[in-house]
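Sequence and predicted structure, then a few things I'm wondering about:
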Amino acid sequence: MKDVVVVGAGPAGCSAAKDLAEKGYDVVVYEKRQEIGSPKRCGEGLSSTAVKELDLDIPDNCKTQSINGALVYSPNGENVTIDLDETVGWVLERKMFDKWMARRASEAGATIRAKANVVDLLPDNRGVVVNIDGNKRKVESSVVIGAGGVEAPVTRMAGIKKSSNLQLVDSGYQYEMTNLELRDENKLELYFGKDIAPRGYVWVFPKGENKANVGIGIGGDDDRTAKYYLDRFIDKSDRFKNASIVEVNSGMIPVGGFLDNMVSDNFVSVGDAANQVNPIHGGGIREGIRAGKIASDVISGALSMGDTSCSNLEEYNKIWWKTRGKALKKVENLREVMEDLDDDDLNYLARELRGDDLMAFTRGETLSKLGKLLLKRPKMIKSARKLI
């Protein structure tokens, strides 16, 4: 009998496992993949603000490139430059970072098991059925944490409803490329435009030594695939003509649809499994770790009381919505407005905005400034009012 079973050894699951193990609880983490952190399904960016806020002493071998800004391109090729005098983030190596997160949880006392696929929940969510090397076994627990990512079925098994709206899920495709030309090895590159990436953007995240993650996220309801748009973007630029593809990644990216309820009796959902992702840029590492920490505190309190029912775990919903949900909901409103913009609108905003404006918008801040700019575009008045 375990105190807690965690399904998924990503940042959210390992964050919760570490904190609970440090509190003295018996925790096991099951990861269905045979290698934690691989294949990656992520652009691998993480801000220095997140690192400080989450108290992460990330080893150098988990970082591939320091970042001091970004180059943001509008459809007509104009760019807004974010250029700072300090490191504002890093492009990580997720294969190393996720293993480091797992190692921290293990050193705190949690048990980690890769290539262990959870295929069912026990009655009342009091544990799981896990398939390890072809052998199914029942593992009883007081609480189960669902941290298996956007596609993991465990959250739905627990009776937690998630939206099936395609507007709330983007399709992502990414190449890790080498021997390509970088515009600035310390800056992220972002490309917007309906013809470039419908309801999304193309990114080039440098990883040092002429390497980069080159990827795209587009609306999940588009008739053509994310790969189609990414290949077309690459084929149009000579800077990629001598580049090689050393890794291919793809997957779904939640971009909204935050859950009012993320708990059931003896069950809590965290990270991508609960759609806890920034709706503008699709980043989930920061949100997942933060949710894992909130969940661990609430679960610890419930375990100490001997009551892990839904009514006692609902505090997790309240804390998450107060500390993160409301801010992310504003960012989701921004995403919805951005979807209404055509290329002329995007070109207009590129002329009117500065780099620090863009950074603030991704945090859900100063959105009224964007709204006031859009009020000058008659067809955007209705959308602009969502931001004011």
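Structure received. In this text the structure is predicted, and so the values were computed from the model without any measurement.

For T64, list the residues it contacts.
Neighbouring residues of T64 by Cβ atoms under 8 Å, 6 or more residues apart in numbering: E44, W90, V91, L92, E93, K207, G208, K211. The C-beta positions use only the backbone N, C-alpha and C, and glycine is treated the same way.

Point out where this structure drops to low pLDDT.
164, 166, 220-221 (pLDDT under 70).

Which members of the contacts of T64 are positioned in strands?
Among those, the residues falling in strands (DSSP state E) are W90, V91, L92, K211.

For burial, what's the neighbour tally of the second one?
Other residues near V91 come to 23 when the count uses other Cβ atoms under 10 Å.

who's it bridged to?
G45, Q65 (DSSP bridges).

if we can go back for a sec, any of the ones in strands among the contacts of T64 buried? List them.
Neighbour-count burial (16 or more other Cβ atoms under 10 Å) applied to the ones in strands among the contacts of T64 gives W90, V91, L92, K211.

any chance of those residues in TSV, with distance to T81 too?
Supplementary listing: these in TSV, determined by distance: Cβ to Cβ, whole Å:
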residue	distance to T81
W90	19
V91	18
L92	23
K211	22
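
Looking at those residues, spot the one nearest E189.
V91 (11.6 Å; Cβ to Cβ).

contacting residues around the closest one?
G43, E44, G45, K63, T64, Q65, I67, L188, F205, P206, K207, N213.

Redo those as JSON lines? Include distance to V27.
JSON lines is the format used below for the contacts of V91 (distance: Cβ to Cβ, whole Å):
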{"residue": "G43", "distance to V27": "29"}
{"residue": "E44", "distance to V27": "27"}
{"residue": "G45", "distance to V27": "29"}
{"residue": "K63", "distance to V27": "27"}
{"residue": "T64", "distance to V27": "30"}
{"residue": "Q65", "distance to V27": "33"}
{"residue": "I67", "distance to V27": "33"}
{"residue": "L188", "distance to V27": "35"}
{"residue": "F205", "distance to V27": "33"}
{"residue": "P206", "distance to V27": "37"}
{"residue": "K207", "distance to V27": "33"}
{"residue": "N213", "distance to V27": "32"}
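
Out of these, which is nearest to I145?
Closest to I145, out of all of the contacts of V91 and judged by Cβ to Cβ, is E44, at 23.9 Å.

Grab the nearest non-local neighbour of the closest one.
Nearest non-adjacent residue to E44, counting by Cβ to Cβ, 6 or more residues apart in numbering: L92, 4.6 Å away.

In contact with that neighbour, which residues?
E44, G45, L46, I58, C62, K63, T64, I285.

Next one: it from V51, what distance?
10 Å (Cβ to Cβ, to the nearest Å).

what touches both of the two?
With Cβ under 8 Å, 6+ apart, L92 and V51 have common neighbours I58.

rewinding a little: quick one: which of the contacts of L92 is nearest to D19?
Nearest to D19, judged by Cβ to Cβ, of the contacts of L92 is I285 at 16.3 Å.

I'd like to know how far the closest one sits from A21.
20 Å.

How about K227?
40 Å.

wait, is W203 part of a strand?
Yes: inclusion of W203 in a strand is indicated when DSSP: H, G, I helix; E, B strand; the rest coil is applied.

wouldn't V72 be in contact with L190 here?
Yes: when contacts are counted by Cβ atoms under 8 Å, V72 is listed as touching L190 (4.8 Å).

who touches both of these two?
In contact with both V72 and L190: no residue, using Cβ under 8 Å, 6+ apart.

Between K227 and A21, point out the one with more neighbours.
A21 (24 against 16).

wait, what's in contact with the more buried one?
With Cβ under 8 Å, 6+ apart, A21 has these contacts: V27, A105, A108, G109, A110.

which one's the longest helix in this structure?
Determined from DSSP state H, the single longest helix within the chain is helix 285-305.

Pull out the buried positions in that helix.
So, applying 16+ other Cβ under 10 Å, buried residues of helix 285-305: 285-300, 302-303.

quick one: the nearest residue to K386 once chain neighbours are set aside and D3, what's the gap?
Distances taken as Cβ to Cβ, 6+ apart put N333 closest to K386, at 5.1 Å, once the chain neighbours are dropped. According to Cβ to Cβ, N333 stands 39 Å off from D3.

quick one, what contacts the most centrally placed residue in the chain?
Centroid-nearest residue in the chain, with Cα atoms, centre = their mean: G284, separated by 1.8 Å. With contact taken as Cβ under 8 Å, 6+ apart, G284 is in contact with P11, C42, P254, G271, D272, Q276, V277, N278.

Mind checking which of the residues you listed land in helices?
P11.

Tabulate the contacts of G284 in TSV, adding columns for neighbour count and distance to D85.
Converted to TSV, the contacts of G284 look like this (neighbours: other Cβ atoms under 10 Å; distance: Cβ to Cβ, whole Å):
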residue	neighbour count	distance to D85
P11	32	29
C42	27	27
P254	25	34
G271	32	33
D272	31	34
Q276	26	32
V277	26	30
N278	23	25
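
Grab the two from the contacts of G284 that are most spread out in space.
Pairwise over these, using Cβ to Cβ, the maximum falls at P11 and P254, 15.0 Å.
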